[in-house]
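# What shape does this take:
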Amino acid sequence: MAFGLIFILLGTGNYLTAETSSETAYPDPTDRDVFYEQTFGLFTVALAVMALTTALVVTGRPLSIMAMTSSGVMIAMMSLHYMAGEAVDYGYNEPVVLGVVLTLIATMGVSGFLHMNDEEAEEAPAAEA
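As a prediction, the model looks like this:
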């Protein structure tokens, strides 16, 4: 849920401040660059809403599987986005920021793995002494 809320805020901010973002991201921004920043913000909000909805609706083992899958997909997306940004000297590419974001996303996947069998533990009868 926290990732969903954070990324809704970040995506909305990126959409609303696309002109400023494009000035930071590109040496000589054009209207097309502003469009790219707005689109990136919209995609971020859409993925965040899906993450938030999943956290609120899905429970148990399926939620753990979704957390692990989402983590892997987001790590791949962020890594590929970073590499593509390096090819065009994208102004927001910071290795330290990427490392922090990937670490946080990885913790979501680890959490999903650690909680994958929680339902089974709740259903098991308590050991009698």
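# Pro29 is in contact with Glu23, correct?
Yes. Contact status for Glu23 versus Pro29: in contact at 5.4 Å, counting by CB atoms under 8 Å. Heads up, the C-betas are built off the backbone N, CA and C, glycines and all.
# of those two, who's got more company?
Neighbours were counted for Glu23 and for Pro29 using other CB atoms under 10 Å; Pro29 has more, 19 against 16.
# measure that one to Ala18 for me?
Noted for Pro29: a distance of 10 Å to Ala18, by CB to CB, to the nearest Å.
# Gly4 now?
22 Å.
# So which of these two has more stuff around it?
For the pair Gly4 and Ala18, the greater number of neighbours falls to Ala18 (22 against 18), based on other CB under 10 Å.
# so what's the more buried one up against?
Ala18 is in contact with Val34, Phe35, Glu37, Gln38, Gly41, counting by CB atoms under 8 Å, 6 or more residues apart in numbering.
# now do Gly85
With contact set as CB under 8 Å, 6+ apart, Gly85 has these partners: Tyr92, Asn93.
# can we see that at 7 Å?
With contact set as CB atoms under 7 Å, 6 or more residues apart in numbering, Gly85 has these partners: Asn93.
# where does Val110 land on pLDDT?
According to the prediction, Val110 has pLDDT 95.
# Now name the helix or strand holding it.
Using DSSP states H and E, Val110 sits within helix 95-114.
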